[in-house]
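1. The sequence and its predicted three-dimensional model are supplied below.
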Amino acid sequence: MSEVLAKPERPDPETVALSDLDLMLPNLFHDDYHVKVFERLREEAPVFRQEVEELGTVWNVTKYQDIMAVDTDHETYSSEGSIVVTDQEEDFPLPMFIAMDPPRHDAQRREVNGVVAPRNLAMMEETIRSRVQGILAELPEGETFNWVDTVSIELTTQMLATLFDFPFEDRRKLTRWSDVATADEASGIVDSEEQRREELAECLGYFTELWNQRVNEPPRGDLVSMLAHGESTKNMDPMEYLGNLILLIVGGNDTTRNSISGGVRFLNQFPDEYQKLKANPGLIPNMVPEIIRYQTPLAYMRRTTTQDVVLAGQKIPKGDRVLMWYVSGNRDSSVIEQADRFWIDRPKARQQLSFGFGIHRCMGNRLAEMQLRVLWEEILKQFEWIEVVGSPTHVNSNFVKGYADLPVVVRRR
């Protein structure tokens with residue numbers, strides 16, 4: 001559906017007046033248009049004020065150090081209410097712990113953090129490897145197919161089903177709900193806000209049945225059981241339960257799947273790096289955070305000022321929206337050496353912003369990295385080459401930086 005939507009016109013980022021740059025475009029990331037946009041903003045307006053229709057003033061933070069200053073100061077820059085540019089609808093609120101401040105945030109996050117504890121991750125690796133081997137073994141050789149759906153979505157959705165102990169045969173529902181959760185009418189995923197709400201209500205209904213089963217059983221290690229038995233989550237109202245489910249689904253799905261697709265794309269864009277990887281598979285652990293930096297699957301996070309504040313010389317009033325553009329900070333060459341280069345043996349590869357910093361740093365970051373590491377270990381064992389044979393189709397979103405289609409052909413060893 002997204003391909004038939006008219007794409008908004010995008011001005012030349014190098015010549016247009018600064019005031020005419022629009023960071024709210026749903027095709028901001030198509031054809032890597034954003035790269036030149038943020039390059040200019042980092043140079044000329046690192047904290048860029050934009051007036052957004054129906055929302056008002058939005059402050060866009062584009063440089064690495066300024067983003068870090070915002071992300072590590074939750075008292076001045078609050079997460080309460082929303083992490084995206086829009087506010088919650090009063091009649092359809094979705095509270096979630098990433099959009100809360102301490103102490104409520106800390107208590108709710110603590111209830112589910114155990115699912116990605118080191119011991120659990122070690123136990124999951126064998127499961128992930130077995131699934132990766134199975135998915136890769138079934139790929140057609142010499143035929144064009146969509147890597148996004150066949151590999152990226154399938155692997156991450158299987159992992160999500162495991163984390164929730166969700167019925168495996170229905171696992172693609174998780175993919176759909178993840179897509180719907182971050183969609184609007186410009187996305188091509190839903191036709192209306194009403195449809196979006198209906199599908200999320202279906203998600204709540206399905207997970208309510210799982211809650212009712214788990215709450216009457218002894219506590220287990222899956223996310224639904226953890227929420228149902230957790231001291232700070234067991235009395236959540238339905239919309240807060242749905243909000244936290246959406247957080248965990250999107251966090252475990254959109255981010256990893258788009259990095260899986262991005263890695264294949266980048267190694268094709270930088271074939272010398274692909275040859276370097278084939279010659280030395282030991283570079284995979286260093287390559288993984290470099291893929292995540294270069295992709296930056298969630299482009300920004302929002303905060304709201306709790307007081308008047310000055311950031312990079314800009315006076316930001318209390319109550320204004322502030323967007324931390326991780327996708328820009330990850331290309332800030334004043335901090336990251338050769339930031340526009342995909343460089344798999346990059347020194348200090350973990351010096352990237354994709355997981356956030358401070359109290360809201362992504363709790364699933366090690367799981368995401370493990371999935372990518374295991375996938376590339378198995379790819380190098382099974383395949384001589386994965387070739388991208390057409391342009392990717394990007395999703396229509398200025399929040400999720402992702403792919404709907406990546407046409408590839410594989411050649412086995």
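-> Alright, I've got the coordinates. Note that this is a predicted model, so its numbers are computed, not measured.
2. elements contacting the helix or strand of the chain with the lowest mean pLDDT?
-> Lowest by mean pLDDT, DSSP states H and E among the helices and strands of the chain is helix 104-113, with a mean of 89. Using 3 or more C-beta pairs under 8 Å, 6 or more residues apart in numbering; DSSP states H and E as the contact definition, the elements that helix 104-113 packs against are helix 223-229, helix 238-269. Glycine gets a C-beta too; all of them are placed from N, C-alpha and C.
3. now those helices as CSV including mean pLDDT and distance to F166?
-> Supplementary listing: the helices and strands packed on helix 104-113 in CSV, determined by pLDDT from 0 to 100; distance: least, C-beta to C-beta, whole Å:
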stretch, mean pLDDT, distance to F166
helix 223-229, 93, 8
helix 238-269, 92, 10
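4. which stretch among those comes nearest T156?
-> Distances from T156 to each of the helices and strands packed on helix 104-113 were compared by C-beta to C-beta, and the smallest falls on helix 238-269, at 4.4 Å.
5. so how far is that closest one from its chain's centroid?
-> Computed by C-alpha atoms, centre = their mean, to the nearest Å, the chain-centroid distance of helix 238-269 equals 5 Å.
6. Tell me the buried residues in the helix or strand that it is followed by?
-> Next helix or strand after helix 238-269 toward the C-terminus (DSSP states H and E): helix 271-279. Taking 16 or more other C-beta atoms under 10 Å as the neighbour-count basis, helix 271-279 is seen to contain the buried residues 273-274, 276-277.
7. Quick one: mean pLDDT for stretch 287-300?
-> Confidence over stretch 287-300 (mean pLDDT, whole number) is 97.
8. Grab the CA positions of it and hand them over as CSV.
-> Written as CSV, here are the backbone C-alpha positions of stretch 287-300 (Å, rounded to 0.1, in the frame of the first residue of the first chain):
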residue,chain,number,x,y,z
MET,A,287,30.8,-4.9,13.0
VAL,A,288,27.5,-5.4,14.9
PRO,A,289,27.5,-2.1,16.8
GLU,A,290,28.7,-0.4,13.6
ILE,A,291,25.7,-1.8,11.7
ILE,A,292,23.4,-0.5,14.5
ARG,A,293,25.1,3.0,14.4
TYR,A,294,24.9,3.3,10.6
GLN,A,295,21.2,2.1,10.5
THR,A,296,20.0,3.9,13.7
PRO,A,297,16.6,2.0,13.5
LEU,A,298,14.7,4.5,15.7
ALA,A,299,15.7,7.9,14.5
TYR,A,300,14.8,10.0,17.5
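9. residues in contact with W385?
-> Under the criterion of C-beta atoms under 8 Å, 6 or more residues apart in numbering, the contact list for W385 reads 274, 410-411.
10. do P103 as well
-> Neighbouring residues of P103 by C-beta under 8 Å, 6+ apart: there are none.
11. Over to L283?
-> L283 makes contacts with 276-277, 344-345, as judged by C-beta under 8 Å, 6+ apart.
12. next one: phi and psi at it?
-> Dihedral pair for L283: phi -80, psi -10, per degrees, to the nearest 10.
13. Start and end of stretch 384-400, how far apart?
-> The stretch stretch 384-400 measures 31 Å between its terminal residues, going by C-alpha to C-alpha, to the nearest Å.
14. Give the pairing partners of the strand or helix carrying V58; include direction for each.
-> In this assignment (DSSP H and E), V58 forms part of strand 56-61. Sheet pairing here is set by DSSP bridges, and for strand 56-61 it gives strand 47-52 (antiparallel), strand 321-325 (parallel).
15. Any idea which of the ones you listed gets closest to R302?
-> Going through these one by one, with C-beta to C-beta as the measure, strand 321-325 comes closest at 5.4 Å.
16. after that closest one comes which helix or strand?
-> Reading on from strand 321-325 to the C-terminus, the next helix or strand found by DSSP H and E is helix 326-329.
17. And the helices in this protein?
-> Ranges of helices within the chain are 33-44, 64-71, 104-113, 118-137, 147, 154-164, 172-181, 193-215, 223-229, 238-269, 271-279, 284-295, 326-329, 365-382, based on DSSP state H.
18. okay, those helices in CSV with distance to K318 next?
-> CSV is the format used below for the helices of the chain (distance: least, C-beta to C-beta, whole Å):
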stretch, distance to K318
helix 33-44, 24
helix 64-71, 15
helix 104-113, 21
helix 118-137, 41
helix 147, 46
helix 154-164, 38
helix 172-181, 30
helix 193-215, 29
helix 223-229, 34
helix 238-269, 25
helix 271-279, 46
helix 284-295, 33
helix 326-329, 24
helix 365-382, 32
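19. Please identify the most buried of the ones you listed.
-> Each of the helices of the chain was assessed for mean neighbour count using mean count of other C-beta atoms under 10 Å. The highest is helix 326-329, with a mean of 27.
20. Packing partners of that helix?
-> Under the contact definition 3+ C-beta pairs under 8 Å, 6+ apart, helix 326-329 sits against helix 33-44, helix 64-71, strand 300-305.
21. Roughly how far does Q275 sit from F97?
-> Here the criterion is C-beta to C-beta, to the nearest Å. By it, Q275 lies 43 Å from F97.
22. Same question for I128.
-> For I128, the distance to F97 equals 25 Å [C-beta to C-beta].
23. swap in L372?
-> Per C-beta to C-beta, L372 is found 25 Å from F97.
24. do the same with A201
-> Distance of A201 to F97, given as C-beta to C-beta: 21 Å.
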